[in-house]
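Undergrad: just to be clear, the model below is a prediction. Sequence and coordinates:
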Amino acid sequence: MNAHKQTFAEMIEQVRDIPIYRPSIEQGHFPILEKPEIARGFPGNWMTPRLADALKEGAAEFVLSTGTNHARMQIIRPPFFLLKSYYQLWSEHPDIADTWKQDCQRVSITTVLATEHVARLNARKRGAEPSALPSLEERRLDPRTLYLNLRLDPALWERGEVERMLEEMSVIQQAHPRGWYHLDCDSYHLAHLVRKALDWDLWRHFPKPASIIHAYEYTPRNVQRFLQRHFECPIIDLFGSTELGYLYFNDRHGRYWPYLDKMHLELIPVDKGSKIYSIIVSSLRNPYMPLIRYRSGDCAETSDGSPDPLRIRRFCGREKELLRLEHGGIISQADLDDWIADATPSIFVYQLHLEASRRARLLYTTFDGGPIEPAAAQALRREVLEATGLECALEHRAHIAIGKSGKYAWLVREDEMTGRGEP
C-alpha cells in the first residue's frame, strides 16, 4: 500500500487560515483538540472563503458523527468521504482486493441508523419524504452498495426479516457472473444473523460471501471466533471514524497495518505509566475540516508497550468507557473481553454493571442460548476479582438490548444509566 505520512510541520502550513487554529499558530503550540472545542463556535470557527464556496457548490456538506454511546458531533466533509475511504482501502487490501476488482457488490448489515441515512439521501433526490420501510432500491447507497437492516435491535429480528435479508443477499450474489459478493457488517449484527439462520434452519439459504469487512465497532474475540467458524472467506477489520475515514486495517492473520495517508498519529498514555494509549490524530484527509491533534476518543495497545503508532497490535475500546479502579489501574473493554474469551467461547453479548466500588454484575448472552458451564463461570469470576478487585456476579440473560445508537455498551455505571443499552 502507498500510505504517505505527512509531517506535522507541513500540516500546520495548510491550516493557517482556519479561525480555530489561529491562537495555536500565534502561540506556537497546538493543544489536544477535544470534541467540545470543535462544537464551540461551529461552523464559524472553521469557516474560510474556500469552505464557504465548497458548501455553496455542494463540494462539502454537514453531517453528524455516528456517536458510539456518546453525543453525536457535527462536522463538515466532502460527500461520501467515509465511503470513498472504504472503497480505496478495499480496492488495495492484499487479502480482499480481488472482490473489488471483480466488481462485486457490497451488502451492508449494520445499524438501522445507517439504513435510514441512505433512505433519506435517496428520498431527498426524489424530493420526497423517506418511506417508513424503504424498498431495496431505496436502500441503495450507490450502484455498488445495498443496506439491509430495518430494525434497531438485531436480536429482535423476526423470521420474516431474516428471510427477506437472505433473499436480498441472494439477489446480489446471483447478479455476479461468479456468484461473488462482498459482505460489509457490524460484527455483532452479522453474528445475530448467522445465529438466527442456524436456529431457523435457514443456513443453507445464506449466500456465502467472497470477502467480509467488519468496521463499525469493537469486535469481541468470541464474536470473531464465531464468524471465522462459519465463513471460509477472509474476514478483515477496519478501524476508523466518520470524521477521519479509515486509519488501520488488519490482514487475514489479525495483524494491524497503518493506512495514514495525509495523517500523523500520536499515542499518549491514558494515565501515567499506562500501556493503554489515547489516539491523537492530525489529518488533512478532509480538506474542508482538517483536524490537528484531535483526540479520536479511541484507545490502542502496542506490541511492545511503546507509544509507536506503527506497532499498534489492537484497538481496545473507547476512552470514555475505560474503567478506572478504586485501588488504581485502568481496565479497557479489551481486558474484560480477554478474560471472557479465555474462560469460554460461549459468551456472545456482555455488559458489566458497576453497582458499588467493589461489586458488579456481568450480564451475558450466549451463542447457544444457555448459561455457561459452572467451571467457566468460576474461572471468569476469579479472573475479574484478581484483576480488578470486583466481586462480580454472573447473570445469564436471553437478551441484552442494544443502545439507541445501534451499538452495545460494554460498561454500565448503574447510577448513570440513561438508556445506554440497558437490559
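TA: Arrived safely. Numbers count the residues shown, from 1 in each chain.
Undergrad: how far does stretch 154-170 sit from its chain's centre?
TA: Centroid displacement of stretch 154-170 relative to its chain, using C-alpha atoms, centre = their mean, to the nearest Å, is 22 Å.
Undergrad: in that stretch, what's buried?
TA: 154, 155, 157, 161, 162, 165, 166, 168, 169 (16 or more other C-beta atoms under 10 Å). (C-beta placed from N, C-alpha, C; glycine too.)
Undergrad: of those residues, closest to residue 41?
TA: Here the nearest of the buried residues of stretch 154-170 to residue 41, counting by C-beta to C-beta, is residue 154; it sits at 38.5 Å.
Undergrad: quick check: which element contains the residue lying closest to that closest one once chain neighbours are set aside?
TA: Once flanking residues are discounted, residue 154 sits nearest to residue 192: 3.9 Å by C-beta to C-beta, 6 or more residues apart in numbering. Using DSSP states H and E, residue 192 falls within helix 187-199.
Undergrad: what's the first helix or strand after that helix?
TA: strand 211-214.
Undergrad: tell me the strands beside that next one, with direction?
TA: strand 182-185 (parallel), strand 235-241 (parallel) (DSSP bridges).
Undergrad: show me how this structure divides into domains.
TA: If you go by the TED database, the domain ranges for the chain are 96-233, 324-416.
Undergrad: who wins for proximity to residue 9 among those domains?
TA: In terms of C-beta to C-beta, the element of the domains of the chain nearest to residue 9 is domain 96-233, at 31.5 Å.
Undergrad: give me the angle between the longest strand along the chain and strand 235-241.
TA: For the chain, the strand with the greatest residue count under DSSP state E is strand 291-302. Orientation of strand 291-302 against strand 235-241 (axes from the mean of the first three to the mean of the last three C-alpha atoms, to 10 degrees) gives an angle of 140 degrees.
Undergrad: looking just at contacts, which helices and strands does strand 291-302 meet?
TA: Packing partners of strand 291-302 (3 or more C-beta pairs under 8 Å, 6 or more residues apart in numbering; DSSP states H and E): helix 35-39, strand 235-241, strand 263-269, strand 277-283, strand 312-318.
Undergrad: the closest residue to residue 137 other than its chain neighbours: what secondary structure?
TA: Sequence neighbours aside, residue 122 is the residue nearest to residue 137 in space, at 7.9 Å (criterion: C-beta to C-beta, 6+ apart). At residue 122 the chain is in helix, as set by DSSP: H, G, I helix; E, B strand; the rest coil.
Undergrad: so for residue 122, what's the pLDDT?
TA: Listed pLDDT for residue 122 reads 95.
Undergrad: how about it, what does it touch?
TA: Neighbouring residues of residue 122 by C-beta atoms under 8 Å, 6 or more residues apart in numbering: 130, 134, 137, 138, 139, 140.
Undergrad: any idea how far residue 383 is from residue 337?
TA: 12 Å (C-beta to C-beta, to the nearest Å).
Undergrad: no, scratch that, I was asking about residue 86
TA: For residue 86 relative to residue 383 (C-beta to C-beta), the value is 37 Å.
Undergrad: in the chain, which helix or strand is least confident?
TA: Lowest by mean pLDDT, DSSP states H and E among the helices and strands of the chain is helix 8-13, with a mean of 84.
Undergrad: which elements pack onto the following helix or strand past that helix?
TA: Per DSSP H and E, the first helix or strand lying C-terminal to helix 8-13 is helix 22-27. Of the remaining helices and strands, none touches helix 22-27 by 3+ C-beta pairs under 8 Å, 6+ apart.
Undergrad: the helix holding residue 192 packs against which elements?
TA: So helix 187-199, by 3+ C-beta pairs under 8 Å, 6+ apart, packs with strand 106-109, helix 159-174, strand 211-214, helix 221-230, strand 347-356.
Undergrad: for the longest one, enumerate the helices and strands it packs against.
TA: If I follow you right, that is helix 159-174. strand 106-109, helix 187-199.
Undergrad: change it to 10 Å
TA: strand 106-109, strand 145-147, strand 182-185, helix 187-199 (3 or more C-beta pairs under 10 Å, 6 or more residues apart in numbering; DSSP states H and E).
Undergrad: could you do the last one as well?
TA: For strand 347-356, the helices and strands in contact under the criterion 3+ C-beta pairs under 10 Å, 6+ apart are helix 187-199, helix 221-230, helix 333-343, strand 359-366, helix 374-388, strand 391-396, strand 411-413.
Undergrad: any buried residues in that strand, and which?
TA: Neighbour count says strand 347-356 has 347, 348, 349, 350, 351, 352, 353, 354, 355 buried, by 16+ other C-beta under 10 Å.
Undergrad: what's the angle from it to helix 187-199?
TA: Using the same axes, to 10 degrees: strand 347-356 against helix 187-199 is 130 degrees.
Undergrad: who does strand 347-356 pair up with?
TA: Assessed with DSSP bridges, strand 347-356 is paired to strand 359-366 (antiparallel), strand 411-413 (parallel).
Undergrad: quick check: buried residues in the shortest one?
TA: With burial defined by 16+ other C-beta under 10 Å, the residues of strand 411-413 counted as buried are 411, 412.
Undergrad: and that strand, average pLDDT?
TA: 92.
Undergrad: one step back: residue 25: which of the helices and strands packed on strand 347-356 is closest?
TA: helix 333-343 (37.0 Å).
Undergrad: now the closest one, how far from the chain's geometric center?
TA: 19 Å.
Undergrad: now do stretch 118-133
TA: 25 Å.
Undergrad: again with stretch 342-358
TA: 20 Å.
Undergrad: what do you get for stretch 256-274?
TA: On C-alpha atoms, centre = their mean, the centre of stretch 256-274 falls 17 Å from the chain's centre.
Undergrad: distance-wise, check residue 268 relative to residue 7.
TA: Applying C-beta to C-beta to residue 268 and residue 7 gives a distance of 19 Å.
Undergrad: of these two, who's got more company?
TA: Set side by side, residue 268 and residue 7 show more neighbours around residue 268, with 13 against 9, by other C-beta atoms under 10 Å.
Undergrad: hang on, the earlier thing: looking at the helices and strands packed on helix 187-199, which is closest to residue 203?
TA: Going by C-beta to C-beta, the one of those nearest residue 203 is helix 221-230, 8.3 Å.
Undergrad: which residue is the nearest non-sequential neighbour of residue 209?
TA: residue 183 (3.8 Å).
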